[in-house]
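I need the structure of the sequence given here:
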Amino acid sequence: MAETTKARVVPWLARLKRRSKRLKRQVWALFIAMKDPGTPMLARIVIACAVAYAVSPIDLIPDFIPVLGQVDDLVILPLLIALAIRLIPPEVTARSRRAAWAHLKAGDRVRTPAGMAAAALFGIVWIAAAAWALSLILGSS
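Model (predicted):
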């Protein structure tokens, strides 16, 4: 019985790892496409939102909130990526994917100014919300 369960988990885990690598490569390709002069402005804005959301260590809805914390990652990010891909010209997409593949194959880590800015912004929002909630609690006593 244990071998049967193990056999089911391993392919599932391998598939999950492949999808994770593909998502990382796709986000990096979008970041490269954002800097390409052939990318329209609307696509750049959507890409900036997608990349910032993907690399931000802080989620819009925290993961510790049951269901909603995971649903936002499973819905918002793929929708932003799909929209960005539709807005980018195919030749820019192809160039960006090739560059992303070469960059990530070399073992470089993905770090973007947009991701750091998004993390700072989300951090400030959560600290402000916590301070506001604390002032309400202490003010009502």
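
So P66: helix, strand or coil?
coil (DSSP: H, G, I helix; E, B strand; the rest coil).

What's the local residue count around it?
When neighbours are defined as other CB atoms under 10 Å, P66 has 8 of them. (Glycine included, C-beta is placed from N, CA and C.)

Look up how far W126 lies from it.
Per CB to CB, to the nearest Å, P66 is found 18 Å from W126.

How about the longest helix along the chain, which residues are buried there?
In the chain, taking DSSP state H as the definition, the longest helix is helix 2-35. Across helix 2-35, burial judged by 16 or more other CB atoms under 10 Å covers K24, R25, Q26, V27, W28, A29, L30, F31, I32, A33, M34.

And those, which is the shakiest by pLDDT?
Least confident entry in the buried residues of helix 2-35, by pLDDT: K24, with 76.

thought it was touching L104?
Yes: between K24 and L104 a contact is recorded at 6.9 Å, counting by CB atoms under 8 Å.

Report the rounded mean pLDDT for stretch 71-78.
Mean predicted lDDT for stretch 71-78 stands at 76.

Find the centremost residue of this protein, please.
Most central in the chain under CA atoms, centre = their mean is A54, positioned 1.4 Å from the mean C-alpha point.

That one and F31: what is the separation?
Taking CB to CB as the measure, A54 and F31 are separated by 9 Å.

Check the offset of the lowest-mean-pLDDT helix or strand in the chain from the chain's centre.
Across the helices and strands of the chain, mean confidence by mean pLDDT, DSSP states H and E is lowest for helix 2-35: a mean of 73. Averaging C-alpha coordinates over helix 2-35 and over its chain gives two centres that are 14 Å apart (CA atoms, centre = their mean, to the nearest Å).

Okay, and L77 sits in which element?
In this assignment (DSSP states H and E), L77 forms part of helix 68-87.

and that helix, what does it pack onto?
helix 2-35, helix 41-55 (3 or more CB pairs under 8 Å, 6 or more residues apart in numbering; DSSP states H and E).

Let me see the contact set for A43.
A43 makes contact with A33, M34, A84, L87, I88, according to CB atoms under 8 Å, 6 or more residues apart in numbering.
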